[in-house]
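Peer 1: Here's my sequence, what's the structure:
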Amino acid sequence: MTRGADAVILGGGIIGAAIAYELAKEGRRVVLLEKGAVGRQSSWAAAGLLTPIHVAAYPAPLASLCSDSERLYERWIHDLAAPEVEYRAGGALVPLFDDRDEGDASALEAWRRKEHRPVERLDAAAALAMEPLVSREIRGALLLPDVAQVRNHRLTRALAEAAKRHGAEVRAESEAIGFLRVPGRVNGVKTARGDLFANETVVAAGAWSGDLLAGVDLDLPVRPVRGQMVLLRGPAGALNKAVISHDSYLIPRSDGRILVGSTMEEAGFDATTTADGVSFLLARAKRLAPGVGNFAVETTWAGLRPATPDRLPYLGRPPGAEGLIVATGHYRNGILLAPVTAKIVSDLVARREPSRDLSPFRPGR
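Peer 2: Residues are numbered from 1 along each chain as shown. You can find the predicted model right below:
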């Protein structure tokens, strides 16, 4: 039985795996606990697009956090040295069909220029020359040439494996069943294999974090929001850039597959796919790119995103619980926010001053 870890991390999604990797690189004794298989919940179901879809409408602290993490990604992936994650900056198109699209695009364009990020307006002819699969009903498009993507399920596994290479212990199918506590402090967790003592306990369990934290009398309203996805199989090169429109997107992979996402459903902890959900996604996909109607449906799946009432993740130490750190509630941005979240948690564990003000993300706010 492992005892006396520097940190035990609850949750083996991309946030937990990224934290384990970051801490293990620093020489910390780390144990990562995942009640199921590593990376099989919302991290598996995500699209891997490394940009927030509606960043211009985000609360300012969240927009800033996303922007900082996006800038960290390329170096982070380089240091990870895992080519199978297929990090590539292929760019994205935001097609404009109507006045609502024009207004949203103007806000996004203004935000990107303020952040010194590349952005370009294209007329319909230029957009269709770039991506012929896109609907000919568009008025034009916004080009985001620096937007990158990863194979998110591969990235989560790669982070867990890299953490192990740096000395972390990764326990799949290992559920925390309670916390070890003394007044005012958490000293680790209880598991079916025995007590696991740790200087720091990090809760990064996504949509299940609220239930876990009730065990230390902390009311954190994290709720699951189901997102269904469809994977299409088309010819390689049919689509080269991501296509983003409101809450819908088409994400091309190098092998010709195209991810179609995503629904946002209040379905509790039910992660099944439904006929209505798949039909909705296919209809939105055909509106963006009618030609995908001829592509084969390879598979469908769903995941549960951890949502918070104000859209901001919970990052930091909750009041009255020394030895406890919370990193959850990333909602639709978990893949994007993994590098910056791991850096914040590593600073907290090391008792370093975090690089940003965490008060907007304070657990218990």
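
Peer 1: what's the longest helix in the protein?
Peer 2: helix 60-80 (DSSP state H).

Peer 1: Quick one: distance of stretch 228-248 to the chain centre.
Peer 2: Here stretch 228-248 is found 18 Å from its chain centre; the criterion is C-alpha atoms, centre = their mean, to the nearest Å.

Peer 1: Can I take it that residue 133 is in a helix?
Peer 2: No. Assigned with DSSP: H, G, I helix; E, B strand; the rest coil, residue 133 falls outside any helix and is coil.

Peer 1: so how many other residues sit close to it?
Peer 2: Around residue 133 there are 20 other residues, counting by other C-beta atoms under 10 Å. The C-beta positions use only the backbone N, C-alpha and C, and glycine is treated the same way.

Peer 1: show me what contacts residue 295?
Peer 2: Taking C-beta atoms under 8 Å, 6 or more residues apart in numbering, we find residue 295 in contact with 232, 233, 234, 238, 258.

Peer 1: Could you rerun that using 10 Å?
Peer 2: Listed by C-beta atoms under 10 Å, 6 or more residues apart in numbering, the contact set of residue 295 reads 133, 230-235, 238-239, 256-258, 260, 282, 285, 289.

Peer 1: how near is it to residue 256?
Peer 2: 9 Å (C-beta to C-beta, to the nearest Å).

Peer 1: what's the burial count for residue 154?
Peer 2: Under the neighbour criterion other C-beta under 10 Å, residue 154 is assigned a count of 16.

Peer 1: Now do the same for it: its pLDDT.
Peer 2: On the pLDDT scale, residue 154 is placed at 94.

Peer 1: just the one 5 residues further on next, same as before
Peer 2: If you check residue 159, the pLDDT there is 98.

Peer 1: How about it, nearest residue that isn't a chain neighbour?
Peer 2: Spatial nearest neighbour of residue 159, excluding adjacent residues (C-beta to C-beta, 6 or more residues apart in numbering): residue 17 at 3.8 Å.

Peer 1: Over to that neighbour. Which of the three states is it?
Peer 2: On the three-state scheme (three-state DSSP), residue 17 is labelled helix.

Peer 1: doesn't residue 153 make contact with it?
Peer 2: No. Judged on C-beta atoms under 10 Å, residue 17 makes no contact with residue 153 at a distance of 11.1 Å.

Peer 1: which one is residue 332 nearest to, not counting chain neighbours?
Peer 2: Nearest non-adjacent residue to residue 332, counting by C-beta to C-beta, 6+ apart: residue 305, 5.9 Å away.

Peer 1: my bad, should have said residue 147
Peer 2: residue 92 (4.0 Å).

Peer 1: And the one you found, its phi and psi?
Peer 2: phi -150, psi 150 (degrees, to the nearest 10).

Peer 1: Please tell me the pLDDT value assigned to it.
Peer 2: 97.

Peer 1: need the contact list for it.
Peer 2: When contacts are taken as C-beta under 10 Å, 6+ apart, residue 92 is in contact with 49-51, 53, 141-149, 241-244, 249-251.

Peer 1: now residue 8: how far from residue 216?
Peer 2: As for residue 8, its distance to residue 216 is 14 Å (criterion: C-beta to C-beta).

Peer 1: Which residues are in contact with each of these two?
Peer 2: Shared between the contact lists of residue 8 and residue 216 (criterion: C-beta under 10 Å, 6+ apart) are residues 186, 201, 203.

Peer 1: and the chain, what are its domains?
Peer 2: As given by automatic domain parsing, the domain ranges for the chain are 5-47+153-221+309-361, 89-146+223-307.

Peer 1: Return the most buried member of those domains.
Peer 2: Highest mean neighbour count of the domains of the chain: domain 5-47+153-221+309-361, a mean of 21 (counted as mean count of other C-beta atoms under 10 Å).

Peer 1: now do the same end-to-end measure for that one.
Peer 2: Across domain 5-47+153-221+309-361, the terminal residues are separated by 26 Å (C-alpha to C-alpha, to the nearest Å).

Peer 1: on that earlier part again, can you convert the domains of the chain into TSV and add a column each for distance to residue 76?
Peer 2: Formatted as TSV, the domains of the chain follow (distance: least, C-beta to C-beta, whole Å):
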stretch	distance to residue 76
domain 5-47+153-221+309-361	4
domain 89-146+223-307	14
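
Peer 1: Looking at the ones you listed, which is nearest to residue 75?
Peer 2: Distances from residue 75 to each of those were compared by C-beta to C-beta, and the smallest falls on domain 5-47+153-221+309-361, at 8.6 Å.
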